[in-house]
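**Student:** No sequence on hand, only this structure:
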């Protein structure tokens with residue numbers, strides 16, 4: 001009996017490297033706690049959902065994907081520590097996440113130095129800009145629309161509606177500053193005049209001073225650029241002050257949580273959004289419609305919608321992981337080959353748009369990937 005046990009133990013030890021070789025590790029870190037946990041937690045659930053789907057369909061050429069999950073806690077230093085663990089200890093083939101632009105910027109250099117592809121789920125453009133200073137390759141990609149694309153989609157709408165004089169209110173964080181930078185840069189192209197620019201902290205609980213100054217500048221519309229509860233506070237303060245001006249928010253706020261927090265004050269507010277928020281209103285000829293409908297069906301079958309209703313962020317991890325997995329199926333997990341294949345992604349129809357990634361654009365989404373939505377009757381609909 002003892003001899004048999006020894007033999008079995010030896011066989012298990014010999015088999016363990018083979019088992020390990022049949023698994024491909026992906027690092028996945030999001031804000032599972034902290035101020036952006038309402039985005040990060042459902043993003044993790046979607047990451048697990050898409051990995052389960054890929055594995056059920058045979059994985060990556062027979063190898064199973066395995067997620068190494070980390071909580072960035074909305075803390076850039078914590079994110080940097082996890083990224084180093086993913087690269088140097090866990091030996092992941094690629095990284096998905098994090099959640100916030102500021103956090104992503106703190107990880108960018110680490111990914112470059114570790115020569116590990118990272119597909120971020122952050123909104124701001126800086127994470128995919130200036131890669132050349134890190135060497136001949138840029139290792140960072142991102143799945144949400146660039147701020148510049150969201151600004152252009154909003155400005156096209158404002159131009160069509162004749163709302164050319166605006167007051168701008170932005171958060172004083174990396175995401176808010178990125179939005180402000182693009183609005184100031186693109187305003188002349190669309191005949192938009194920014195009459196006044198005010199900023200606020202993303203944890204501020206009162207923006208009446210900024211809104212009062214904005215109103216006094218006599219704009220035709222207000223534009224706020226922030227994510228999280230701050231956007232709802234802007235909407236509520238505007239209503240409390242009796243400001244009778246249309247309010248436009250950024251592409252990070254199409255979320256039932258925004259309506260819940262702002263209440264009736266959100267009625268009529270408009271913002272650029274992924275098509276995910278208005279899937280049923282899409283044309284049957286839109287190639288995204290069946291893809292989005294399948295995603296919604298799987299999400300609801302998992303029961304995630306009961307705690308985390310679908311919002312504009314919901315598809316970001318799905319698209320990021322699917323694009324990485326598609327590249328792995330073609331070239332395997334060699335870091336440089338994988339990076340190059342991700343960069344060669346063409347006509348991938350995802351939840352957030354149809355991706356055509358290039359060396360110059362590590363996002364790959366255009367203005368046509370976004371729609372303008374409006375709060376009407378307590379829910380999001382296509383804007384008039």
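**Tutor:** Looks like it arrived, so ask away. No experiment lies behind these values; they were computed from the predicted model shown.

**Student:** mind listing the strands in the stretch 251-384 of the chain by residue range?
**Tutor:** Per DSSP state E, counting those that start in this stretch, the stretch 251-384 of the chain carries strands over the ranges 270-274, 348-349, 354-355, 370-376, 379-382.

**Student:** Would you mind pulling up the elements that the longest one packs against?
**Tutor:** Helices and strands in packing contact with strand 370-376 are listed as helix 147-160, strand 270-274, strand 379-382; criterion 3 or more C-beta pairs under 8 Å, 6 or more residues apart in numbering; DSSP states H and E. C-beta coordinates here come from the backbone N, C-alpha and C atoms, glycine included.

**Student:** out of the strands of the stretch 251-384 of the chain, which comes closest to residue 149?
**Tutor:** strand 370-376 (6.7 Å; C-beta to C-beta).

**Student:** Can you list the buried residues in that closest one?
**Tutor:** 370-376 (16 or more other C-beta atoms under 10 Å).

**Student:** Now do it and strand 270-274, the angle between them.
**Tutor:** Orientation of strand 370-376 against strand 270-274 (axes from the mean of the first three to the mean of the last three C-alpha atoms, to 10 degrees) gives an angle of 130 degrees.

**Student:** okay, the angle between strand 370-376 and helix 147-160?
**Tutor:** Computed by the same axes, to 10 degrees, the angle between strand 370-376 and helix 147-160 is 60 degrees.

**Student:** For strand 370-376, which strands pair with it and how are they oriented?
**Tutor:** strand 270-274 (antiparallel), strand 379-382 (antiparallel) (DSSP bridges).

**Student:** Adding mean neighbour count, write these out as TSV.
**Tutor:** Below are these laid out as TSV (neighbours: other C-beta atoms under 10 Å):
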stretch	mean neighbour count
strand 270-274	28
strand 379-382	16
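
**Student:** between those strands, which gets nearest to residue 338?
**Tutor:** Once the strands paired with strand 370-376 are compared by C-beta to C-beta, strand 270-274 is nearest, at 25.9 Å.

**Student:** Now do the closest one: everything it contacts.
**Tutor:** 145, 150, 153-154, 157, 246-251, 253-254, 312, 315, 351-353, 369-375, 380, 383 (C-beta atoms under 8 Å, 6 or more residues apart in numbering).

**Student:** What's the ChimeraX syntax to select whichever of the residues you listed are buried?
**Tutor:** To isolate the buried members of the contacts of strand 270-274 in ChimeraX, using 16+ other C-beta under 10 Å:
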select :145,150,153,154,157,246,247,248,249,250,251,253,254,312,315,351,352,353,369,370,371,372,373,374,375,380,383
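
**Student:** Using a markdown table, please lay out the strands paired with strand 370-376 together with distance to residue 320 and mean pLDDT.
**Tutor:** Formatted as a markdown table, the strands paired with strand 370-376 follow (distance: least, C-beta to C-beta, whole Å; pLDDT from 0 to 100):
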| stretch | distance to residue 320 | mean pLDDT |
| --- | --- | --- |
| strand 270-274 | 14 | 97 |
| strand 379-382 | 23 | 97 |
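
**Student:** So for residue 173, which of those strands sits nearest?
**Tutor:** Closest among the strands paired with strand 370-376, once you apply C-beta to C-beta, is strand 270-274, at 18.1 Å.

**Student:** coming back round to it: columns distance to residue 110 on top of the strands of the stretch 251-384 of the chain, output as a markdown table?
**Tutor:** Listed next are the strands of the stretch 251-384 of the chain as a markdown table, based on distance: least, C-beta to C-beta, whole Å:
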| stretch | distance to residue 110 |
| --- | --- |
| strand 270-274 | 28 |
| strand 348-349 | 26 |
| strand 354-355 | 24 |
| strand 370-376 | 30 |
| strand 379-382 | 36 |
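
**Student:** right, so of the ones you listed, which gets closest to residue 321?
**Tutor:** strand 348-349 (11.9 Å).

**Student:** Contacts for that closest one next, please.
**Tutor:** With C-beta under 8 Å, 6+ apart, strand 348-349 has contacts from 287-288, 291, 319, 322-323, 326, 354-356.

**Student:** Also stretch 284-292?
**Tutor:** Contacts for stretch 284-292 (C-beta under 8 Å, 6+ apart): 275-276, 279, 282-283, 315, 349-351, 353-354.

**Student:** switch to 7 Å and redo it
**Tutor:** 275-276, 279, 282, 349-351, 354 (C-beta atoms under 7 Å, 6 or more residues apart in numbering).

**Student:** just to revisit the earlier point, I'd like the helices and strands packed on strand 370-376 written out as JSON lines, with distance to residue 214 added.
**Tutor:** Formatted as JSON lines, those follow (distance: least, C-beta to C-beta, whole Å):
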{"stretch": "helix 147-160", "distance to residue 214": "16"}
{"stretch": "strand 270-274", "distance to residue 214": "17"}
{"stretch": "strand 379-382", "distance to residue 214": "24"}
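
**Student:** Among these, which comes closest to residue 105?
**Tutor:** When those are compared (using C-beta to C-beta), the closest one is helix 147-160, at 13.3 Å.

**Student:** With adjacent residues omitted, what lies nearest to residue 175?
**Tutor:** Leaving aside its sequence neighbours, residue 175 sits nearest to residue 101 (C-beta to C-beta, 6 or more residues apart in numbering; 4.4 Å).
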